[in-house]
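Engineer: With the input below, show me the fold.
(chains A and B)
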Amino acid sequence: MLLDFALPAHDRKLIPEGRLSGPMPWVIAIMLFLTLLVAAIGLSLVDAVQKGGADLAQRATLQIIEPDPVARATQKVEISRMLRNVAGISKVEPVPEGEVRNLLKPWLGNDVIDSDIPVPALIDIRFKNAPDQATLTSLKKRLKTIAPKIRLDSHSSWMAPFFQLMSSLIYLAVAIFILLLIATSAVVILAVRSTLNTHRTTIEIMHMMGGTDLQAARLFQRRVALDALLGGSAGFGAAAAVILALGGRIAAVEPGLLAGATLPVYGWVALATIPLAVTGLAMLMARWTVVSALKKML
Amino acid sequence: MQSVVEFDNVGLRYGTGAETLTDLSFTLYPGSFYFLTGASGAGKTSLLKLLYLAHRPSRGSIRMFGHDAITLPRDRLPGFRRRIGVVFQDFRLVQHLSTFDNIALPLRIAGIQEKDLINPVTEMLDWIGLTERADARPATLSGGEQQRVAIARAVIGRPEMLVADEPTGNVDPEMARRLLQLFEALNRLGTTVIVATHDIHLLQEIDGAQMMRLDKGRLSDPTGSLRHPPRPLVLRN
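Structural biologist: Numbers count the residues shown, from 1 in each chain, chains lettered A, B, ... in the order given. Predicted coordinates for the structure are as follows:
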């Protein structure tokens, strides 16, 4: 089909190719701009979920909720020592009490947090592999022999609703992406039908002289391909500018949940292939539309 | 001898109307020259449309170049159409193409290389006296010039059969004579020529031409103007 794009110059003259004079390249540019933005959002979310999900699934936080500060400090040391000897745990990081108090300040206020109010001792745990529920239960049981008042939270459990929301947004992005592709195809079909009607006489003349349906279809394919390429390039340029600008804004946000939501390199490669894929799709739709329409002629 | 065209009891109606052509049965032979005459509305253009495969008949059978033209699969039609040259009554030139490109169109459709079509098209332009207008668009040509371009386009591919609908209607007598000479030359090379015309003077121009007369969609017997037929026009009931 790509060979059909390279028509001899004289054949190209049969259906005039009015570059950028018609609405088709502009409509395709707008459709592709929206398609690429949706694709970029979807790809960024996928990357964020993959990176963040894998990271969070390996993490857990242990809280020692012992009101006696001396006992709490002793338990923290003992538990940290014990955890470092547990197979399957790659890192044990006791959080300094000052840092815990700083974390709580925005919620409890300076006055309260600076008083003698007890705050739980925190230990961050990183597993070599994401632990299952049975592993966590077994570990918790062992830890309770040292500190009876503990709470072990897997990060993946409290982040689950967030990742479920992310997954829903990814599905939504895929659905919008498909709808936009369908709309782009519909635009191509309408444009080809309109062009076919405009040049019906030329096509009839070609037919009467022994021109085949595919010869006529190639002319439309080339015209549509050029429109799609022009529109696709414009749409890609605009979308890339928006994605880069948004990426800059996201990077300026404090590291956190949004930190992973940037478009990865493979995402850019995927985005770059979309205008080409849309051009191929447009050519295919043009061929199908023209051949279907011409079959109604003798 | 194998016929070029055989009509057997052919009828044509458009939609649910009355038959435009009724019970046509005749045979056309290779290398023959036929004039098709008849009053306006007699069905000349409809018969020509059947001959250049623009329509299928409502009934009857048509054989063309030894094949059943009615059951011919659609994908084989282009191959048959390339063997037929057509001069349309309304010229049907491609308005955005130059005179040169319009004449070259059948050769390009047939896949002739660009280097191989320049000479024949240039010669044809010279023959019809439009060398100076090679780059002109049809809209800038007079009616007569457009008609010459249409004829040149129809004959450039040396078709086995040439079908012309009033080909000299818009040209002066001298040009009409020259164009008929072109048809005659083509006919001498073996092309079967069918010319629909109102102009009874044309019938005198071609030795050996035969006449088919349509009257209200029916083919009547040849008139006395049929002279020296190279082969008999076979009219069956």
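Engineer: Distance check, A:Thr61 against chain B.
Structural biologist: The gap separating A:Thr61 from chain B is 72 Å, by CB to the nearest CB, to the nearest Å. (Each C-beta comes from the backbone N, C-alpha and C, glycine too.)
Engineer: Three-state assignment for the residue nearest to that residue when sequence neighbours are not counted, please.
Structural biologist: In space, A:Thr61 comes closest to A:Asp153 once its chain neighbours are excluded; the distance is 5.1 Å by CB to CB, 6 or more residues apart in numbering or on different chains. Using DSSP: H, G, I helix; E, B strand; the rest coil, the secondary structure recorded for A:Asp153 is strand.
Engineer: Quick check: A:Asp153 touching A:Gln63?
Structural biologist: Yes: with contact defined as CB atoms under 8 Å, A:Asp153 reaches A:Gln63; the gap is 7.3 Å.
Engineer: Which one of the two is surrounded by more residues?
Structural biologist: Just comparing A:Asp153 and A:Gln63: by other CB atoms under 10 Å in any protein chain shown the higher neighbour count belongs to A:Gln63, 18 against 13.
Engineer: Nearest to chain A: which residue in chain B?
Structural biologist: Chain B approaches chain A most closely through B:Arg82 (3.3 Å), counting by CB to the nearest CB.
Engineer: which helices and strands does the strand or helix carrying A:Ile274 pack with?
Structural biologist: If you go by DSSP states H and E, A:Ile274 is part of helix A:265-294. Helices and strands touching helix A:265-294, by 3 or more CB pairs under 8 Å, 6 or more residues apart in numbering or on different chains; DSSP states H and E, are helix A:24-57, helix A:155-198, helix A:213-252.
Engineer: Of the ones you listed, give the one that comes closest to A:Leu294.
Structural biologist: Closest to A:Leu294 of the helices and strands packed on helix A:265-294 is helix A:213-252 (CB to CB; 4.4 Å).
Engineer: And whichever residue of the stretch 51-200 of chain A sits closest to chain B, what's its pLDDT?
Structural biologist: Closest approach between the stretch 51-200 of chain A and chain B, counting by CB to the nearest CB: A:His199, at 9.1 Å. pLDDT for A:His199: 83.
Engineer: List phi and psi for it.
Structural biologist: The phi/psi pair for A:His199 (degrees, to the nearest 10) reads phi -110, psi 20.
Engineer: State which helix of chain B is the longest.
Structural biologist: helix B:173-188 (DSSP state H).
Engineer: tell me which residues of it are tucked away?
Structural biologist: For helix B:173-188, a neighbour-count test (16 or more other CB atoms under 10 Å in any protein chain shown) marks B:175-176, B:178-180, B:182-184, B:186-187 as buried.
Engineer: mean confidence score for it?
Structural biologist: Averaging pLDDT residue by residue across helix B:173-188 gives 84.
Engineer: ditto for stretch B:83-90
Structural biologist: Averaged over stretch B:83-90, pLDDT sits at 92.
Engineer: Residues contacting it, please?
Structural biologist: If you take CB atoms under 8 Å, 6 or more residues apart in numbering or on different chains as the criterion, stretch B:83-90 is touched by A:208-209, B:45, B:48, B:51-53, B:65, B:106, B:147, B:150-151, B:154-157, B:159-167, B:169, B:191.
Engineer: Could you check the pLDDT of residue 9?
Structural biologist: In the absence of a named chain, chain A is used. Here the pLDDT value assigned to A:Ala9 is 63.
Engineer: right idea, wrong chain: chain B
Structural biologist: We note a pLDDT of 90 for B:Asn9 in this prediction.
Engineer: Likewise for B:Ser40?
Structural biologist: With respect to pLDDT, B:Ser40 scores 86.
Engineer: Using the three-state scheme, assign it.
Structural biologist: Following three-state DSSP, B:Ser40 is assigned to coil.
Engineer: Three-state assignment for A:Pro118, please.
Structural biologist: coil.
Engineer: Contacts only, for it.
Structural biologist: Listed by CB under 8 Å, 6+ apart, the contact partners of A:Pro118 are A:66-67, A:69, A:72.
Engineer: If any of those are buried, give me the PyMOL selection for them.
Structural biologist: Those of the contacts of A:Pro118 that count as buried under 16+ other CB under 10 Å are selected in PyMOL with:
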select buried, chain A and resi 66+72
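Engineer: For the contacts of A:Pro118, give me a markdown table that also has secondary structure and distance to chain B.
Structural biologist: Shown next, in a markdown table, are these (DSSP: H, G, I helix; E, B strand; the rest coil; distance: CB to the nearest CB, whole Å):
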| residue | secondary structure | distance to chain B |
| --- | --- | --- |
| A:Glu66 | coil | 87 |
| A:Pro67 | coil | 90 |
| A:Pro69 | helix | 91 |
| A:Arg72 | helix | 87 |
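Engineer: Could you dump the contacts of A:Pro118 into a markdown table with pLDDT added?
Structural biologist: Converted to a markdown table, the contacts of A:Pro118 look like this (pLDDT from 0 to 100):
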| residue | pLDDT |
| --- | --- |
| A:Glu66 | 85 |
| A:Pro67 | 85 |
| A:Pro69 | 84 |
| A:Arg72 | 88 |
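Engineer: Would you map the helices across chain B?
Structural biologist: With DSSP H as the criterion, chain B has helices at B:44-51, B:77-81, B:99-109, B:114-127, B:143-155, B:173-188.
Engineer: looking at the ones you listed, which one has the lowest mean pLDDT?
Structural biologist: helix B:173-188 (a mean of 84).
Engineer: can you put the helices and strands packed on helix A:265-294 in TSV and add distance to A:Ile146?
Structural biologist: TSV is the format used below for those (distance: least, CB to CB, whole Å):
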stretch	distance to A:Ile146
helix A:24-57	25
helix A:155-198	22
helix A:213-252	42
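Engineer: Dump those to a markdown table, plus distance to B:Leu130 and mean neighbour count.
Structural biologist: Putting those into a markdown table (distance: least, CB to CB, whole Å; neighbours: other CB atoms under 10 Å in any protein chain shown) gives the following:
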| stretch | distance to B:Leu130 | mean neighbour count |
| --- | --- | --- |
| helix A:24-57 | 36 | 20 |
| helix A:155-198 | 27 | 16 |
| helix A:213-252 | 26 | 19 |
